[in-house]
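Chemist: What follows is a predicted structure for the sequence shown.
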Amino acid sequence: MVRSGNRLLIWFLVCSFLFFVVAVIVEEFALFDSDDEVQLDGAPGGDYEQEGTTGDPASSSASGAARDALPTLSSRQLRLVSTTWPPFANAPGRPRFALDLVDAAMERMGIGAQIVIMDETRLSSALLDGGFDGRAAVQAVQAVQADRQDEGREDAMLYSRPYLENRLILVGRRGGNVSATTLAGLAGSKVALLAGHAYAEVAGRKDGPDFVRSDSDEDSVARLLDGEVDYALMDDLVVQYLIGNHGEVARTRLVFGSKPLLTRTLHLAVRRSLPDAEAIISRFDAEVRAMMADRTYHSLLMLDWIHTDIDGDGLGEYVPYVNRTGPDPPDHIYALFLAGGPVTEPGMTRRYYLEGNIYEGWPAVPGQYKALDVGKPGSHPRTVNAFNFTW
């Protein structure tokens, strides 16, 4: 028989044990749901901070912009539209440099974006109907025309700074004369040009050559090598790809002009009425600058060296795809912007940007960067099998 004093002790011990168990369970739930835990899971910019933050103005300004939340857009995707415009806009699996850059910037900003390819004849009505939030790749001339048409309308667009350029380079067969600096200078010749709305205005000119519309850049080169046309007009990025990936055979069979016959800037456009439209454009511009510095542009555009203004002082810097560039200064560089780009005067000392530092002239670049990399120029990984040129 249990005494009353022992019975009370047993009940006390049982109640104490139950109280301890309940307290532990409550504490566990409290820790799981605490603000600190949620903040850690949603800590902004983790991967980007590790990979892209180098202490330079370009990366630090954009990383801060990318981390700011956009609550009005967090529950849905930003719906953008574009026409087919090789090599800037195309179906997945084909060259689409502009769309890839916009996709990358939006992802880093924390905004989901869906880009729909649409025929030009349907694009204007789709935007007016409100089915899309903006355009992923707008030519500067299109932006001016749209502003004139939409003047005073609530759904007028806001445009980013240029993030890329469309530059048409004259390409000929080896031994040909590619010194023409205007379309009028090609009068009397046959020139291959991509079919489509993007170059309809160029093809419709009466003071230039006889244009032969081609289905692709590969088709333009094939027609040129077969003698069907005298020249081909191709975007500078395609020319860079030919030189970087088919260097010997391209130089043996083709010759390239040194100056573009047409230059147009590309912009992101979003509806002015879209919530946070101004913030989206501002942050996109900042992210674009950071992507130039952290080599995202090199990867997506398949380039080894770019020339752009990294620190915003009006002077250009040469930025390599890898830190170990080899013992010699680069002899082939892609300037991201010719129209309104950084100052480049004859005799100016080249400025090299490496790991957040700017070096005045090649002799000033530390020796650690002049060691050979395991890869070769033009051999870095490609996101897609971009082109299929045959020789």
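Modeler: Perfect, I can see it now.

Chemist: May I have stretch 302-311 as PDB, with CA atoms only?
Modeler: Output in PDB follows, covering the C-alpha atoms of stretch 302-311 (Å, rounded to 0.1, in the frame of the first residue of the first chain):
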ATOM      1  CA  MET A 302      30.700  33.500 -75.700                       C
ATOM      2  CA  LEU A 303      33.500  36.100 -75.600                       C
ATOM      3  CA  ASP A 304      37.000  36.000 -74.300                       C
ATOM      4  CA  TRP A 305      37.700  39.800 -73.800                       C
ATOM      5  CA  ILE A 306      35.200  42.700 -73.600                       C
ATOM      6  CA  HIS A 307      35.800  46.400 -73.500                       C
ATOM      7  CA  THR A 308      33.400  48.500 -71.400                       C
ATOM      8  CA  ASP A 309      33.300  51.100 -68.600                       C
ATOM      9  CA  ILE A 310      33.300  49.100 -65.500                       C
ATOM     10  CA  ASP A 311      33.800  51.800 -62.900                       C
END
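
Chemist: Can you list the buried residues in that stretch?
Modeler: For stretch 302-311, the buried set under the neighbour-count rule, 16 or more other CB atoms under 10 Å, comprises 302, 303, 304, 305, 306, 307, 308, 309, 310. Backbone N, C-alpha and C define where each C-beta goes, glycine included.

Chemist: State the pLDDT value of the fifth one.
Modeler: Looking at residue 306, its pLDDT is 95.

Chemist: Show me the beta-bridge partners of it.
Modeler: residue 319, residue 334 (DSSP bridges).

Chemist: What residue, apart from its backbone neighbours, is nearest residue 340 spatially?
Modeler: residue 162 (7.6 Å; CB to CB, 6 or more residues apart in numbering).

Chemist: Report the secondary structure element holding residue 137.
Modeler: Assigned by DSSP states H and E, residue 137 belongs to strand 134-139.

Chemist: Contact partners for residue 259?
Modeler: Contacts for residue 259 (CB atoms under 8 Å, 6 or more residues apart in numbering) come out as residue 181.

Chemist: host element of it?
Modeler: Short version, using DSSP H and E: residue 259 is in no helix or strand.

Chemist: Farthest-apart pair in the buried residues of stretch 302-311, please.
Modeler: 302 and 309 (21.6 Å; CB to CB).

Chemist: what's the host helix or strand of residue 224 packed up against?
Modeler: Assigned by DSSP H and E, residue 224 falls within helix 217-225. Counting contacts by 3 or more CB pairs under 8 Å, 6 or more residues apart in numbering; DSSP states H and E, helix 217-225 packs against strand 164-173, strand 190-194, strand 210-214, strand 231-235.

Chemist: For these, give me CSV that also has mean pLDDT, mean neighbour count and distance to residue 353.
Modeler: CSV is the format used below for the helices and strands packed on helix 217-225 (pLDDT from 0 to 100; neighbours: other CB atoms under 10 Å; distance: least, CB to CB, whole Å):
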stretch, mean pLDDT, mean neighbour count, distance to residue 353
strand 164-173, 97, 22, 19
strand 190-194, 96, 23, 33
strand 210-214, 96, 18, 37
strand 231-235, 97, 26, 25
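
Chemist: how about these in TSV, adding distance to residue 279?
Modeler: Shown next, in TSV, are the helices and strands packed on helix 217-225 (distance: least, CB to CB, whole Å):
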stretch	distance to residue 279
strand 164-173	22
strand 190-194	35
strand 210-214	41
strand 231-235	31
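
Chemist: Quick one: mean pLDDT over stretch 347-367.
Modeler: Mean per-residue pLDDT for stretch 347-367: 93.

Chemist: before we move on, the earlier item: so what strands line up beside the strand holding residue 137?
Modeler: With DSSP bridges as the test, strand 134-139 pairs up with strand 78-82 (parallel), strand 262-271 (antiparallel).

Chemist: Determine how far that strand lies from the middle of the whole chain.
Modeler: 13 Å (CA atoms, centre = their mean, to the nearest Å).

Chemist: Then stretch 165-172?
Modeler: 19 Å.

Chemist: Please save the CA atoms from stretch 176-190 in CSV.
Modeler: Provided in CSV are the C-alpha atoms of stretch 176-190 (Å, rounded to 0.1, in the frame of the first residue of the first chain):
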residue,chain,number,x,y,z
GLY,A,176,37.2,40.7,-101.4
ASN,A,177,37.0,44.4,-100.7
VAL,A,178,35.1,45.1,-97.4
SER,A,179,36.1,48.7,-97.0
ALA,A,180,32.6,50.1,-97.6
THR,A,181,31.4,52.2,-94.7
THR,A,182,27.8,52.8,-95.9
LEU,A,183,25.1,50.7,-97.6
ALA,A,184,25.2,53.1,-100.5
GLY,A,185,28.8,52.1,-101.1
LEU,A,186,27.6,48.5,-101.9
ALA,A,187,25.3,49.6,-104.7
GLY,A,188,25.4,47.1,-107.6
SER,A,189,26.4,44.1,-105.4
LYS,A,190,24.4,41.3,-104.0
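
Chemist: I am finished for the moment; much appreciated.
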